Each structure stands twice: as structure tokens, then as C-alpha cells.
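> turn this into a structure:
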Amino acid sequence: MRYWRNCSGLTKIHVSILILAILITLSMGGIGSKVYGSDKGNTGKAVDSKQRRQLYEAISLKTGLEWSFIAAIDQYERTLSQAHPKTRPLRENALTGIYVTDTNWSGYLNPEKGDTNPTSIQFFHGIGKDGSGDGIADHRTDEDLLYSVAAQALKYGSAEDDFSIGLWEYYHNTRAVQRVLQFAKLYKHFDRLDLSEHAFPLPLKSIYSFRSTWGYSRGWGGKRVHEGTDIFANHGVPVRSTSYGVIEIKGWNAYGGWRIGIRDLNNLYHYYAHLSGFDKKLKAGDIVRPGQTIGWVGSSGYGRPGTQGKFPPHLHYGVYRDRGLVEWAFDPYPLLRRWEREERKTLRVSQ
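Residues are numbered from 1 along each chain as shown. Prediction:
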């Protein structure tokens, strides 16, 4: 009763609302908590990118490794966690995509699997480290997780060759090394995290047609199924990159003819086949952006290099997801329809 009498000018309802607001603020981590270490939800993609960039730059200061490489490690881990959500569960609203098992964190012979003491973890050869500076190595904390994995990659040094060795020692997978370096290249080139824009692979003003052809049988080269979508168009229509990415392969394939493969930041491999030719300036390792011309529609393939005309001109477009050790194709038709719809909407707004 003393509390109510001292609240001059306020009703009990006002004070109750004030107390509730204070409790909600405290439950969300307080006004002064670090945004990149928060375990709570974000208000949008822009906020999330800002928080992640702050986290990467904080770990960069502690390790001496460029933020783009730290971001690349995190993004590669995130793609694995997205591909294997049951075996690599992430805590709700985590900023980082890093996943480490209790055993790897604390050490194989450590009797305390939930150990958070950096000294005992090191004694048992666990990878857990204190990245936030609070004296605790907690794998439920974004800073500690990312700092610990970055430290593993830096065991042999920060030069790219040494860094590559460190990555291989941690993942024991050449695919992982390649992906992290590709992602770092993209982040460094564009100097931003949000590279999620997409484009339809053919100019919308061109004449084309397509429908879902996923799983159809194919007769040339033995019994096979169709792993993609065929977009029929006139010979010579420009073929465009659907995403930001790195050219992984370019050249002839007996099935796909003149084809080009591009890896994006979601660890998806975009496959463009039966081209009549490429942009001659492009080569493996080059960076591309959505809407950039990479080649032209043709009818190449089903034979030796240069074979043409065994079928009507069209673009075969396929997408493959890297699951760590293997890649699996999935139906790109829904993506194509979405990108076509979004690009048409953008064009209408800009006119």
C-alpha cells in the first residue's frame, strides 16, 4: 500500500503497465545488451545482416582474420544446418549457423559433456573457447561458437593456403574448403552480407515457354530422369545468372553440351546447359550477379564437343543442393516461377 501512495499522479493501472514494460525489457536482455550476442528474435533481414556483420567484425578483431572469411565459415555451417536440421539443430533465433556437438566442444574424454571451463576443455582437447571475454566457453553463445571454429581454421596461419589447410583439418572435406573460399570471395567483392536477389534466367521481354519437366524420362545416354526445367526459346536468346555466385565450371559436357555451373551463397549449384556459346570474358572463378548474361540459348549436347541440333533450342536449368559430402538435385520449377513473378513486379514498379 505504501508503494501506491508514493506514486503521485499515477493510478494503479498506470503503475501496473509501467512495471510490466520494465519486466518485458529485462526479459529481452536489457537495453544495453550487445545486439550481435542477443538470443532473441530479429525484426527483419536488414537488422539480422547488421547484427551478423557486427559479430563477424568482433571476431575478426580477436582473431586477425578478415571478416569475409569468418562470414564464409558461418554461412557454410548455416547451409549444412539447413540441409540437415535434425542432426544439426540450431538454437532458436541464433545469429550464427555454427553447430558443434557436445563431445567436440568439451573433448572426447571429458567426463563433463556440458563443460564450459576453457582450461579443462583445452586439457581434454575440445575445441570450445571463450570468444566473448567472460571467462566461459559456452556453445550456446554466438561469439563463443564462431570464435572457436575460426580458431580451428587458423591453426596453421591466416594466409589463404594456410587457412585452407586449417579448414581441411577441421572438416576433412575438400568441398568444405572450396565452399568457404568461394563464399569469402563473394563477401569480400560486394562488401555486404545480403546477396539474396535473384533474376529469371531469360530476359522477360523475350519469347519463351516452360513447364515442370522434373522427373521425365530421357532417352539419350541410357536410362535417366530429367533433373531440371527446360525453358524453350529462340536460338541466341541471352541466358542470365539467376543469382550472385562464383563460376565453378565452364565447358563441354556430353549430355548438357556447352554448359556453365555457378555456386551461390546458399550452397546451391546452378546448372545452365545446351548453350550455343558463352560470354568469352567469363572463366571459372569469376563472380557473377543476378541478370548478368553468361551465355545464349542453343541446342548443343548429346554427343562429342560441338554437337548441335539434336533437339529444339532451349535452356536446361537445374539446381543442386550441397549436403556436405554429396549433392542432390531438386525441382527448380517453383523457384523459376517465383523469380519470374518477382522480376515482373519489379519492372512494373520501375516503369
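
> from now on I want contacts and neighbour counts done on CA atoms only, so please keep to that.
Fine.

> strands along the stretch 151-300 of the chain, start to end?
For the stretch 151-300 of the chain, the strands defined by DSSP state E, counting those that start in this stretch cover 208-210, 217-218, 224-225, 229-233, 238-240, 245-253, 257-263, 268-278, 287-288, 293-297.

> what does stretch 112-120 contact?
Contacts with stretch 112-120, where a contact means Cα atoms under 8 Å, 6 or more residues apart in numbering, come from 102-103, 106-107, 121, 128-130, 135-138.

> ends of that stretch, what's the gap?
Start and end residues of stretch 112-120 are separated by 10 Å (Cα to Cα, to the nearest Å).

> buried ones in it?
If you call a residue buried by 16 or more other Cα atoms under 10 Å, then stretch 112-120 has these buried ones: 113, 115-120.

> what of stretch 281-291?
Residues of stretch 281-291 classed as buried under the neighbour-count rule (16+ other Cα under 10 Å) are 283, 285, 287-291.

> flag the shaky bits of the stretch 251-351 of the chain, pLDDT-wise.
351 (pLDDT under 70).

> ah, wrong one, I meant the chain
Across the chain, the ranges flagged by pLDDT under 70 are 1-46, 216-224, 351.

> quick one: closest of the strands of the stretch 151-300 of the chain to Pro85.
The closest of the strands of the stretch 151-300 of the chain to Pro85 is strand 268-278. By Cα to Cα, the value is 16.8 Å.

> quickly note the distance from Tyr333 to Pro85.
Between Tyr333 and Pro85 the distance is 24 Å, computed by Cα to Cα.

> the more surrounded of those two?
Between Tyr333 and Pro85, counting by other Cα atoms under 10 Å, Tyr333 is the more crowded of the two (20 against 11).

> please name the nearest non-neighbouring residue to that one.
Spatial nearest neighbour of Tyr333, chain neighbours left out: Ser212 (5.7 Å); criterion: Cα to Cα, 6 or more residues apart in numbering.

> and for Pro89?
Leaving aside its sequence neighbours, Pro89 sits nearest to Ser81 (Cα to Cα, 6+ apart; 6.7 Å).
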